[in-house]
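Trainee: With the input below, show me the fold.
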Amino acid sequence: METRNLFMDAILYSYALSLLFYFSDFAYANRSAKRVGTGLLAFVWVLQGVYFAYGMFQRSNGVSVTLFESLFLFSWLLVTLSLVTRRFFRIEMFVFFVNVVGFIAVVLHMFNTGDDTGVAHRWGMSESLLFVHVALAVCSYAAFCISAIFSGMYLYLHRSLKDKAWSARMQRLPSLDKTDRYANAAILAGAPLLLMSLSLGLFWVWKQSDISLLTDAKVISSFFALGAYVFYLVLRQVVKLPGNRLALWNVLAFVIVVLNFVVTNVWSGFHHGLRM
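Mentor: Residues are numbered from 1 along each chain as shown. This is a model prediction of the structure:
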C-alpha cells in the first residue's frame, strides 16, 4: 500500500507540474515551459505504466478489472494520445486541455472508494470478459473526450472568427476544417468501441437469462450515450448540419457520457464497483 501511495503521489505531483508548465506556454507562448511540460508528461506516462505493472505483479487472483481501475486507465489513455498529438500534430492547446481532464481523472481515482471485492466473481462473469468489456468502454470514453475537446476548440474559433476577435492564441489552433475532421475521426473510433463493449454486456445478460438486467440505469444510460453519437453521425452524413451546430451537439453528447459515469457510481446496481 505504501509503494502504491508513493507511485500515486509521484504521478499526481509530476502531472500537476506538467500542467503548470503547459499553462505557462498556453498563456504566454513560452517554448521553454512547453518543453519542460512535455518532459514531465512523458515522465507521468512512464510512472503510470510502472503503476500498472506493479498492480499486475501484486494481484494474486489473475487479471481483474479492478487492477485497471477505469479512471486511471482513462487518464493513461489521454496522456498517451496527448503525447502522440504533441509529437505528430503539435497542437499544444489541445494537449493542455486534454491533460486537464486526465489530471481530474487521476484525482478522482485517488479518492474513489468503490468496491474492490471482485465484481466479476460476484456476478458470475469471467474476468477476461469483464476486463475487455470495461477496457473497450474506457477507450470509447477517451475518444469521446478528445472529440469533445476538438469541438470546443471549433466553437471557440468559430465564434472568434465570426466576431472578428483576432488574437495570437487563434493562430495556435488548427483550422476549422481540421478541428472538425479530428472531432469526427475520434467519434468514428469511439462509437464502434462503445458498441462492442455494450455487445459484450448484452452477451453476458443473454447467458444469465435475466432480461431484467437490461433495466439497470447504467445499461439504459449507456445506450443513450451511444444513441447520441449515432445521431451525431446522422446529423453529419444525412442532414448535413453546419459545423458549429455539429460541434455543439458533440459537446452535449459528451455531457451524456459524463452523466453515464455518474450513473455507474450512484444508481447502477450490478455496475457499481466497476468504476467505468
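
Trainee: Tell me which helix or strand Thr154 sits in.
Mentor: That one is not Thr; residue 154 is Tyr. helix 127-162 (DSSP states H and E).

Trainee: Counting by contacts, list what that helix packs against.
Mentor: helix 70-88, helix 92-110, helix 119-123, helix 176-208, helix 243-266 (3 or more Cβ pairs under 8 Å, 6 or more residues apart in numbering; DSSP states H and E). No exception for glycine: its C-beta is placed from N, CA and C like everyone else's.

Trainee: Of all those helices, which one is nearest Asn5?
Mentor: Of all these, helix 92-110 sits nearest to Asn5, with 9.2 Å by Cβ to Cβ.

Trainee: what angle sits between that closest one and helix 176-208?
Mentor: Using axes from the mean of the first three to the mean of the last three Cα atoms, to 10 degrees, the inter-axis angle of helix 92-110 relative to helix 176-208 is 30 degrees.

Trainee: in helix 92-110, what counts as buried?
Mentor: 92-99, 101-103, 105-106, 108-109 (16 or more other Cβ atoms under 10 Å).

Trainee: Among these, which one lies nearest to Phe231?
Mentor: Proximity of the buried residues of helix 92-110 to Phe231 (Cβ to Cβ) peaks at Val101, which lies at 23.3 Å.

Trainee: My guess is the closest one contacts Leu78. True?
Mentor: Yes - counting by Cβ atoms under 8 Å, Val101 touches Leu78, with 6.2 Å between them.

Trainee: which residues are in contact with both of these two?
Mentor: Jointly contacting Val101 and Leu78 under the rule Cβ atoms under 8 Å, 6 or more residues apart in numbering are Cys145.

Trainee: which regions of the protein sit below the pLDDT cut-off?
Mentor: 1-4, 55-69, 112-127, 209-210, 212-213, 263-276 (pLDDT under 70).

Trainee: residue at max distance from the center of the chain?
Mentor: Distance from the centre of the chain peaks at Lys164, with 32.9 Å (Cα atoms, centre = their mean).

Trainee: In three-state terms, label that residue for me.
Mentor: At Lys164, secondary structure determined by DSSP: H, G, I helix; E, B strand; the rest coil is coil.

Trainee: Would you mind measuring from it to Met170?
Mentor: 11 Å (Cβ to Cβ, to the nearest Å).

Trainee: cool, Thr38 as well?
Mentor: 22 Å.

Trainee: So for these two, which sits in the more crowded spot?
Mentor: Applying other Cβ atoms under 10 Å to Thr38 and Met170 shows that Thr38 carries more neighbours, namely 20 against 12.
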